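[1] Sharing a sequence plus its predicted fold:
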Amino acid sequence: MLLCGAAKACITPDLPINLAGYRPDLIATGVLDDLFATALYVESGGEGAVLIAMDTISVDAEFVADIQAGVAKATGLPARAVFTTASHSHSTPRVRKARENESAEARAQCEAYRSRVVNGCVEAAHRAKAGAEEATAHYNTARIRENLNRRVFFPGGEYFYQPKQKNLLPLADGYTEEELGFVFFRSVKTKNFVSVLANYTAHPLTIGDSSSLVSADYPGVLKREIERNLGGTAVFVTGSCGDNHPLGAEAGIARCERMGLALAEKVLYHRWDAVDLDVTTVGAEHREVVLPALTGAQHAAMPRNFDFQRKQAPAEQHPQGFRTRVSLLGIGPLLFVGVPGETTAELGARLKWESPFPKTFVMFMATDNLGYIPHRNAYEWGGYEVLTSSLAPSAGRKLIDEALDGAEALKAAMERRGPPLRLPGQGAGPVPSNAPGQAR
């Protein structure tokens, strides 16, 4: 039996406040749409976990630890069963610790907003668990091209970057992750939608700095439309979008609205052929990994596509590397992998194709913010992501290897407690289907 509950808490900041995603002097003086911390609680066979998705630009390890501790105290869940992820919306404030060289006013504002988000996460998680009820789960995927790979290279190695050089948009043919994944959770008693969880791979920066309004960007529109049509609480998780931008990056509020509506339409449309999950075992795991830091020699060896000088190599500051974590949440045959920064779409694809779970989705900015985590080949071509990264060329491979090893261990543990983690059509009996004219 699957239990599910969902809730959200408003985390819209007091104004004025700095918006972190574009430039340091962009101050918000208004609100386009509210920001939320949304919580999805799932439990099966006595094993429970809560996923908290925030309309924030990032997280950091200490911030995640504060949330996990607060949620654990409020819900009785162990900290390992608390999962976090940030949407990475650029029209939001940074949830960071105040710096010593900042003014007293700025320090107070930082601390106040950070506390507000932590409290919102705790509130949402508590209400989600308290309201959990017996539910069914139905999943589906669709493909939609609302994104592009922003790294544009020519055969000779010349580098261009989106959203700069927009006239080269038709030539932006790098790898894009077009999969839109979604899971519907419905009450057994009322048949109402408890929650809809959606996952897509594109930086939430459709609005750009032409607007100084607080916004969740396209994930906010997507969630709004799902809730307007189906009810319940919509949860959005950004995929591995380190180098995947929206097609209309920084094109304004109208473009944001159109992208969110396009994604919501796909979710609603494919509710009709969603698959009923008959295995809903819940599993939770966090794995520590040490990622090597970039050395001065490695940075100097990269192709210099533009001027970016470092005062000090990351390896000089972090000679032992960066100790961080990946998180793994299993819901039956579905796996959600949380990464500690901005992994590129290519690394996300490797996770999906080498995963032992039938379907795997990536959770961006989930356990920490180590900045860009590029794929290995990117270091041979150069570009913004690698020149600004603090990680050595081997870091991405090491991170994904640890996540895959964790996925193997988690799957084995879940199958010791329940049936094989398969999709319904992979077992005995007929492939499940809807009655004519009946949506799930």
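    Structure's in. What do you need?

[2] any idea how far residue 217 is from residue 19?
    Distance, residue 217 to residue 19, using Cβ to Cβ, to the nearest Å: 11 Å. From N, CA and C alone the C-beta is placed, and that goes for glycine too.

[3] Are there residues contacting both of the two? Which ones?
    Here residue 217 and residue 19 have 90, 91 as joint contacts, going by Cβ atoms under 8 Å, 6 or more residues apart in numbering.

[4] what does the worst-scoring helix or strand of the chain on mean pLDDT contact?
    Within the chain, no helix or strand scores below strand 159-161, which has a mean of 85 by mean pLDDT, DSSP states H and E. For strand 159-161, contacts defined as Cβ under 8 Å, 6+ apart pick out 150, 151, 152, 153, 168, 303, 305, 306, 381, 382, 383, 384.

[5] count of neighbours near residue 38?
    Residues lying near residue 38 (other Cβ atoms under 10 Å) number 28.

[6] Correct me if wrong: it contacts residue 11.
    No - counting by Cβ atoms under 8 Å, residue 38 does not reach residue 11; the two are 10.0 Å apart.

[7] related to what we said a few turns ago, mind listing what the least confident helix or strand of the chain pairs with, with the direction of each?
    Within its sheet, strand 159-161 is paired with strand 151-153 (antiparallel), according to DSSP bridges.

[8] picking up where we left off before, now do the shared contacts for residue 38 and residue 11.
    Counting by Cβ under 8 Å, 6+ apart, the contacts common to residue 38 and residue 11 are residue 54.

[9] Show me the helices in the chain, by range?
    Using DSSP state H, the helices of the chain run over 61-75, 104-130, 218-230, 253-269, 296-301, 314-317, 345-354, 378-381, 384-388, 395-417.

[10] wait, which of those helices is closest to residue 32?
    Proximity to residue 32, assessed across those by Cβ to Cβ, is greatest for helix 253-269 (6.7 Å).

[11] So which elements touch the closest one?
    Under the contact definition 3 or more Cβ pairs under 8 Å, 6 or more residues apart in numbering; DSSP states H and E, helix 253-269 sits against strand 133-143, strand 179-187, strand 193-200, helix 218-230.

[12] In terms of secondary structure, what does the third one contact?
    Other elements packing on strand 193-200 under the criterion 3+ Cβ pairs under 8 Å, 6+ apart are strand 2-10, strand 179-187, helix 218-230, strand 233-238, helix 253-269, strand 359-363.

[13] Could you quantify the relative orientation of the shortest one and strand 193-200 as an angle?
    Relative orientation of strand 359-363 versus strand 193-200 (axes from the mean of the first three to the mean of the last three Cα atoms, to 10 degrees): 80 degrees.

[14] Show me what strand 359-363 pairs with in its sheet, parallel or antiparallel.
    strand 334-338 (parallel).

[15] The second one too?
    Using DSSP bridges, strand 179-187 pairs in its sheet with strand 133-143 (antiparallel), strand 193-200 (antiparallel).

[16] Apart from its chain neighbours, what residue comes closest to residue 135?
    residue 4 (3.8 Å; Cβ to Cβ, 6 or more residues apart in numbering).

[17] wait, residue 49 sits on residue 282?
    Yes - Residue 49 is in contact with residue 282 according to Cβ under 8 Å; the separation is 5.6 Å.
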